[in-house]
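>>> I'll drop the sequence and a predicted model, then ask my questions.
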Amino acid sequence: KMKIWWGYLLLGIVACTSHPTITEAPLIPLPNLVKEGEGKFTLGDDTQILIQENNKELQRMGNYLVNLVRPSTGFELEIVPYDTTRKSGFISLELESDPKLGDEGYRLEIKPEFISLSANTPAGIFHGIQTIRQLLPNNIESKGWFWTSWEIPSGLIVDKPEYAYRGTMLDVARHFFEKEELKRYIDILALYKINFLHLHLTDDQGWRIEVKSWPKLTLIGGSTEVGGGVGGFYTQNEYKEIVQYALERYITIVPEIDMPGHTHAALASYPELNCDGKARENYTKTQVGFSSLCLTEEITYQFVDDVVREISAITPGPYIHIGGDEAHATELGDYILFIEQVQDAVNSYGKNMIGWDEVAQAALRPESLVQFWSNPENAKLGADQGVKIIMSPAWKTYLDMQYDSTTHLGLHWAGFIELDSAYLWEPSELIEGIGKDEIIGVEAPLWTETITNMDELEYMVFPRLLGIAEVGWTRNEKRNWGEYRKRLKKHLNRLEALEVDYYSSNLLKK
Ligand code: TNX
């Protein structure tokens, strides 16, 4: 009798953990084409990863896959060069040239005998690996060894993103987050095919990045945070390590140095940046809009140039974000001239400028980007100048907005954002005159006035960000809240396996 009971238990475990068919697998973001096949592929200790010889990036992707499955499966997969005689028991990673797949797309074929993943670029291969990851049982995410049959349902996926820029922002200025916390966060972002992480490195309450020519910025400006905690900052080496870690996951770091407002931490560090020549006291409250660099002093422009030069030198990505928001303490005319000068500085170090939507009041270069957050008129001014727009409407994408009136963290100045609201929008249909051609993508910012640690971050970000990741990746016609809701419900087990403290919405309970 006991034997039969154990047998049922085992069957039960196997049945619950693997996805029955590929179309029933709760993939997020939803791929743009999924076709069912017959049977399933089973990952085993003897599965080999076949890669093109002499391709370093594919080699690295092979290693990434090996490391990904090792802890939970206990398998040590072998990476071998292509072998055309091999007919089964492998996953092949291959670069090809198929215009349909674009820069980040991939083609994934799963058969009982083998899995074949191909793309035009290593980034496409990486996204395809994330799909394989989500097709495996949820416990592939667990840190410890787990007994199950590691099955992947057969089928074909041909997929590519709708928008080139799919980002999120973390405000490390109001509350500081450690390097290792960022790495764990980056790992989770990669699973959802997010490819930009914008770091809001400076604000009134803190300066979080070492600038060698202005050392007091971190010494004084980095020494506290909202609420009076000890703050912190990244040395340039730590920052480079974060950038590299992200790069290896095809995530570009966008560093933001907010100017000319939101600069109180700099004004506290150096008296000469203030028009009255007096250093300010560190600020640990949350009201903003009162600070400004002194735009009439030459030293301010030296400061800006030094900061932009040093940050550009340690940022391989193409963008430097210069903030430009809520400069209420600056005259509009001065503001415009200042933004144009900062743009020149950014360009002179080989980078393109991004600014919050207010910067569109200045004359922008076509390679600059405008990040829409609140004023559609500004977004239009940007688009009229031929500049592409990043869509971050506060009332849809601000991850610090409360889910509803009972949420104990966050703010609600832009409204409450439940899971359905964050999902139910299309970037190209938000502002009249700003369509697909004007939009580079979407970004969901997390401001951290009320967010003090990773648990709180996870509660506000997950699972809301998954919906926004899908808004950025999946074609509008394919998206449907009712269907997404069911998929997300099934997907929650994966977040649990990842030990993510997500918000358990009533919308997912029925
Ligand atoms: C507005 S969005 C801000 C931030 C705040 C945020 C809080 C933007 C460009 N500025 O300084 O942290 O609201 O939600």
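Everything's here; your move. Numbering: from 1, shown residues only.
>>> need the contact list for residue 39.
111-112, 154 (C-beta atoms under 8 Å, 6 or more residues apart in numbering). For glycine as for every other residue, the C-beta is placed from the backbone atoms N, C-alpha and C.
>>> adding distance to the ligand, secondary structure and pLDDT, write the residues you listed out as CSV.
Formatted as CSV, the contacts of residue 39 follow (distance: C-beta to the nearest ligand atom, whole Å; DSSP: H, G, I helix; E, B strand; the rest coil; pLDDT from 0 to 100):
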residue, distance to the ligand, secondary structure, pLDDT
111, 48, coil, 98
112, 50, coil, 98
154, 46, strand, 98
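>>> can I get the residues you listed in JSON lines with neighbour count?
JSON lines is the format used below for the contacts of residue 39 (neighbours: other C-beta atoms under 10 Å):
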{"residue": "111", "neighbour count": "16"}
{"residue": "112", "neighbour count": "14"}
{"residue": "154", "neighbour count": "20"}
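>>> residue contacts, the residue lying closest to residue 501 once chain neighbours are set aside?
Using C-beta to C-beta, 6 or more residues apart in numbering and skipping the chain neighbours, the partner closest in space to residue 501 is residue 458 (4.3 Å). Residue 458 is in contact with 500-502, counting by C-beta under 8 Å, 6+ apart.
>>> cool, residue 65 as well?
Taking C-beta under 8 Å, 6+ apart as the test, what residue 65 contacts is 49, 77, 91, 93, 129, 132.
>>> the last one and residue 109 touch, don't they?
This means residue 132. No - Residue 132 is beyond contact range of residue 109, at 11.2 Å (criterion: C-beta atoms under 8 Å).
>>> residue numbers of the stretch 151-300 of the chain in contact with the ligand?
residue 288 (C-beta under 6 Å from any ligand atom).
>>> returning to what we had before: residue 399: which of the contacts of residue 39 is nearest?
Closest approach between these and residue 399, by C-beta to C-beta: residue 154, at 36.6 Å.
>>> re earlier: between residue 132 and residue 109, which one's more packed in?
residue 132 (22 against 17; other C-beta atoms under 10 Å).
>>> and that one, what helix or strand is that in?
Take DSSP states H and E as the rule and residue 132 turns out to sit in helix 122-135.
>>> now the contacts of residue 458: which count as buried?
Buried residues within the contacts of residue 458, counting neighbours by 16 or more other C-beta atoms under 10 Å: 500, 502.
>>> columns pLDDT and distance to residue 201 on top of the contacts of residue 458, output as TSV?
Shown next, in TSV, are the contacts of residue 458 (pLDDT from 0 to 100; distance: C-beta to C-beta, whole Å):
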residue	pLDDT	distance to residue 201
500	98	25
501	98	25
502	98	26
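>>> near the ligand too, which of the contacts of residue 458?
Within the contacts of residue 458, nothing lies near the ligand by C-beta under 6 Å from any ligand atom.
>>> what packs against whichever strand or helix holds residue 168?
Under DSSP H and E, the secondary-structure element containing residue 168 is strand 165-171. With contacts taken as 3 or more C-beta pairs under 8 Å, 6 or more residues apart in numbering; DSSP states H and E, strand 165-171 sits against helix 179-191, strand 196-200, strand 439-446, helix 464-473.
>>> elements contacting the longest one?
Identification of packing neighbours for helix 179-191 by 3+ C-beta pairs under 8 Å, 6+ apart yields helix 122-135, strand 165-171, strand 196-200, helix 236-247, helix 454-461.
>>> please convert these to CSV, extending it with distance to residue 349.
Formatted as CSV, those follow (distance: least, C-beta to C-beta, whole Å):
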stretch, distance to residue 349
helix 122-135, 25
strand 165-171, 21
strand 196-200, 18
helix 236-247, 15
helix 454-461, 31
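>>> I'd like the ones you listed as CSV, with distance to residue 30 and mean pLDDT appended.
CSV is the format used below for these (distance: least, C-beta to C-beta, whole Å; pLDDT from 0 to 100):
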stretch, distance to residue 30, mean pLDDT
helix 122-135, 11, 98
strand 165-171, 14, 98
strand 196-200, 20, 99
helix 236-247, 24, 98
helix 454-461, 20, 98
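>>> so which of these is nearest residue 408?
Nearest to residue 408 among the helices and strands packed on helix 179-191 is helix 454-461; the distance by C-beta to C-beta comes to 9.0 Å.
>>> the helix holding residue 132 versus helix 464-473: what angle between them?
130 degrees (axes from the mean of the first three to the mean of the last three C-alpha atoms, to 10 degrees).
>>> if we can go back for a sec, among the contacts of residue 458, which are located in helices?
Using DSSP state H, no member of the contacts of residue 458 falls in helices.
>>> ok, back up a step: shared neighbours, residue 132 and residue 109?
Shared contacts of residue 132 and residue 109 (C-beta under 8 Å, 6+ apart): 115, 117.
>>> wait, what's in contact with the residue lying closest to residue 470 once chain neighbours are set aside?
Nearest residue to residue 470 in three dimensions, chain neighbours excluded: residue 29, at 3.9 Å (C-beta to C-beta, 6+ apart). For residue 29, the contacting residues are 192-193, 466, 469-470, 472-474, by C-beta under 8 Å, 6+ apart.
>>> make it 10 Å
Residues near residue 29 by C-beta atoms under 10 Å, 6 or more residues apart in numbering: 127, 130-131, 134, 159, 161-162, 166, 192-194, 466-474, 478-479, 484.
>>> do residue 438 as well
By C-beta under 10 Å, 6+ apart, the neighbours of residue 438 are 370, 379-380, 382-384, 386-389, 391, 427-428, 431.
>>> so of these, which ones are in helices?
379-380, 382-384.
>>> let me know the pLDDT of the closest residue to residue 431 other than its chain neighbours.
Nearest non-adjacent residue to residue 431, counting by C-beta to C-beta, 6+ apart: residue 376, 4.7 Å away. With respect to pLDDT, residue 376 scores 98.
>>> where does the stretch 201-350 of the chain have low pLDDT?
By pLDDT under 70, the stretch 201-350 of the chain has no low-scoring segment.
>>> by proximity to the ligand, which residue of it wins?
Across the stretch 201-350 of the chain, the shortest distance to the ligand (C-beta to the nearest ligand atom) belongs to residue 325, at 3.4 Å.
>>> just say helix, strand or coil for that residue.
coil (DSSP: H, G, I helix; E, B strand; the rest coil).
>>> how many residues are close by it?
Using other C-beta under 10 Å, residue 325 has 21 other residues around it.
>>> next one: residue 122
Neighbours of residue 122 using other C-beta under 10 Å come to 17.
>>> try the one 3 residues further on
Neighbouring residues of residue 125 were enumerated by other C-beta under 10 Å; the total is 27.
>>> how about it, what does it touch?
Residue 125 makes contact with 51, 57-58, 60-62, 64-65, 93-95, 104, 106, 108, 117-119, 250, according to C-beta under 10 Å, 6+ apart.
>>> ok, 6 Å please
Under the criterion of C-beta atoms under 6 Å, 6 or more residues apart in numbering, the contact list for residue 125 reads 61, 93, 119.
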